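Engineer: here is the input, now give the coordinates:
(2 chains)
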Amino acid sequence: GNSVTQMEGPVTLSEEAFLTINCTYTATGYPSLFWYVQYPGEGLQLLLKATKADDKGSNKGFEATYRKETTSFHLEKGSVQVSDSAVYFCALKSGGSYIPTFGRGTSLIVHP
Amino acid sequence: GAVVSQHPSWVICKSGTSVKIECRSLDFQATTMFWYRQFPKQSLMLMATSNEGSKATYEQGVEKDKFLINHASLTLSTLTVTSAHPEDSSFYICSARDSQETQYFGPGTRLLVL
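Structural biologist: Numbers count the residues shown, from 1 in each chain, chains lettered A, B, ... in the order given. Purely as a prediction, here's the structure:
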């Protein structure tokens, strides 16, 4: 079956630090990969996605590259801001399903 | 962008009572809505898929008589946790799918059963 594994949080960083949140997956077929972000008090929002190997999704300074050989989709940002504090979910869809399989979420806390 | 609201945002109830959670798509029509459950430090788990005007489709292991879902209109789905018990305490999240098949998520409802 499908599964997504994310690094446990919380991840605590100072402003302008480099961010990496690891995500690996197992899937049947050829999945599409996603990162969602949930800001406090709000719903999950799609942050970025990649649909095939070596694709790089990017948005708001965040990037993630679809690595088929390592079954990974790590989220990175070169310089985080306090406003990036949120919970980040890695997810995949495969087999023609429109329902994502989510990781458990990683909380990011950025201090000024 | 599209917004999905949930009400209430949090609820505390006594064991044995029923709790209703509403999920609304505010600026689009959603023929399909989804209900998820999230335990602390765990993934979002899909509970059921709710289709407007028809019965919900429940995932394996989810009791349909325990978690009643009604999708009476294109903008509203409700989840009722019947005869709630402490083990039902969780974070419940809904999402709604628009005509472009994009899913929008609500902010979640935290349920605590005493």
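
Engineer: what sits against residue A:109?
Structural biologist: Under the criterion of Cβ atoms under 8 Å, 6 or more residues apart in numbering or on different chains, the contact list for residue A:109 reads A:10, A:11, A:12, A:13, A:85. Heads up, the C-betas are built off the backbone N, CA and C, glycines and all.

Engineer: one more time with 7 Å
Structural biologist: Neighbouring residues of residue A:109 by Cβ atoms under 7 Å, 6 or more residues apart in numbering or on different chains: A:10, A:12, A:85.

Engineer: give me the nearest residue to residue B:62, chain neighbours excluded.
Structural biologist: For residue B:62, the nearest residue in space outside its immediate sequence neighbours is residue B:47; the separation is 4.9 Å by Cβ to Cβ, 6 or more residues apart in numbering or on different chains.

Engineer: neighbour-wise, give me the winner out of the contacts of residue A:109.
Structural biologist: Neighbour counts for the contacts of residue A:109 peak at residue A:85, which has 17 neighbours (criterion: other Cβ atoms under 10 Å in any protein chain shown).

Engineer: residue A:34 bridge partners, please.
Structural biologist: For residue A:34, the beta-bridge assignment (DSSP bridges) gives partners residue A:49, residue A:91.

Engineer: circling back: filter the contacts of residue A:109 down to the ones in helices?
Structural biologist: When helices are assigned by DSSP state H, not one member of the contacts of residue A:109 lies inside them.

Engineer: tell me the one of those residues nearest residue A:26?
Structural biologist: Proximity of the contacts of residue A:109 to residue A:26, judged by Cβ to Cβ, is greatest for residue A:10, which lies at 25.0 Å.

Engineer: and the contacts of the helix or strand hosting residue B:48?
Structural biologist: With the criterion set as DSSP states H and E, the secondary-structure element containing residue B:48 is strand B:44-51. Where contact means Cβ under 7 Å, 6+ apart, the residues beyond strand B:44-51 that reach it are A:99, A:102, B:31-38, B:56-59, B:62, B:67, B:69, B:71, B:77, B:93.

Engineer: after that strand comes which helix or strand?
Structural biologist: The first helix or strand that comes after strand B:44-51 along the chain, using DSSP H and E, is strand B:57-58.

Engineer: would you write a PyMOL line that selects the buried entries of the contacts of strand B:44-51?
Structural biologist: Isolation of the buried members of the contacts of strand B:44-51 (16 or more other Cβ atoms under 10 Å in any protein chain shown) is achieved in PyMOL through the command below:
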select buried, (chain A and resi 99+102) or (chain B and resi 32+33+34+35+36+37+38+56+58+62+67+69+71+77+93)
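
Engineer: what about the contacts of strand B:44-51, which are in strands?
Structural biologist: Secondary structure defined by DSSP state E assigns A:102, B:32-38, B:57-58, B:67, B:69, B:71, B:77, B:93 of the contacts of strand B:44-51 to strands.

Engineer: now residue B:86. Its backbone dihedrals?
Structural biologist: phi -50, psi -30 (degrees, to the nearest 10).

Engineer: find me the pLDDT at residue B:1, would you?
Structural biologist: Here the pLDDT value assigned to residue B:1 is 62.

Engineer: list the contacts for residue B:15?
Structural biologist: For residue B:15, the contact set (Cβ under 7 Å, 6+ apart) comprises B:84, B:85, B:86, B:113, B:114.

Engineer: one more time with 6 Å, if that's ok
Structural biologist: Counting by Cβ atoms under 6 Å, 6 or more residues apart in numbering or on different chains, residue B:15 touches B:85, B:113.
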